[in-house]
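Chemist: sequence and predicted structure, then a few things I'm wondering about:
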Amino acid sequence: MRAPIGTTASTGQKCPESGVWQVAGTPSTTAPIAKGNTMPPYGGRAVTWKLIQYA
């Protein structure tokens, strides 16, 4: 079963679903991240990522 769009994951956690993820807050960016990969930092700091599109 897929994680729903809008699912969040923090830097350092395992990605729960392959897709396009967006950093919550500003500055923001998007990145394609595969399921099982470690969620990356952004701008040198830990951030919360939100799933916005399935791969």
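Modeler: Yep, that arrived.
Chemist: for Gln22, see how far away Gly36 is.
Modeler: Here Gly36 is placed at a distance of 19 Å from Gln22 (Cβ to Cβ, to the nearest Å). Heads up, the C-betas are built off the backbone N, CA and C, glycines and all.
Chemist: and the two? which has more neighbours close in?
Modeler: Using other Cβ atoms under 10 Å, the more surrounded residue of Gly36 and Gln22 is Gln22, with 15 against 10.
Chemist: Thr48 is in contact with the more buried one, correct?
Modeler: No. Using Cβ atoms under 8 Å, Gln22 makes no contact with Thr48, being 9.8 Å away.
Chemist: gap between the residue nearest to Thr48 when sequence neighbours are not counted and Met1?
Modeler: In space, not counting the residues next to it along the chain, Thr48 is nearest to Ala24; the distance is 4.5 Å by Cβ to Cβ, 6 or more residues apart in numbering. Distance of Ala24 to Met1, given as Cβ to Cβ: 23 Å.
Chemist: circling back: the residue nearest to Thr48: how many residues sit nearby?
Modeler: Neighbours of Ala24 (other Cβ under 10 Å): 12.
Chemist: that one: what's it in contact with?
Modeler: Thr8, Val47, Thr48, Trp49, Lys50 (Cβ atoms under 8 Å, 6 or more residues apart in numbering).
Chemist: so what does the strand or helix carrying Ala9 touch, helix or strand wise?
Modeler: Element membership for Ala9, per DSSP states H and E: strand 8-10. Judged by 3 or more Cβ pairs under 8 Å, 6 or more residues apart in numbering; DSSP states H and E, the packing partners of strand 8-10 are strand 48-54.
Chemist: in this structure Gly6 contacts Leu51, no?
Modeler: Yes. Between Gly6 and Leu51 there is a contact under Cβ under 8 Å: 6.5 Å.
Chemist: between these two, which is the more surrounded one?
Modeler: Neighbours were tallied for Gly6 and for Leu51 using other Cβ under 10 Å; the higher tally belongs to Leu51 (23 against 8).
Chemist: great, nothing more from me.
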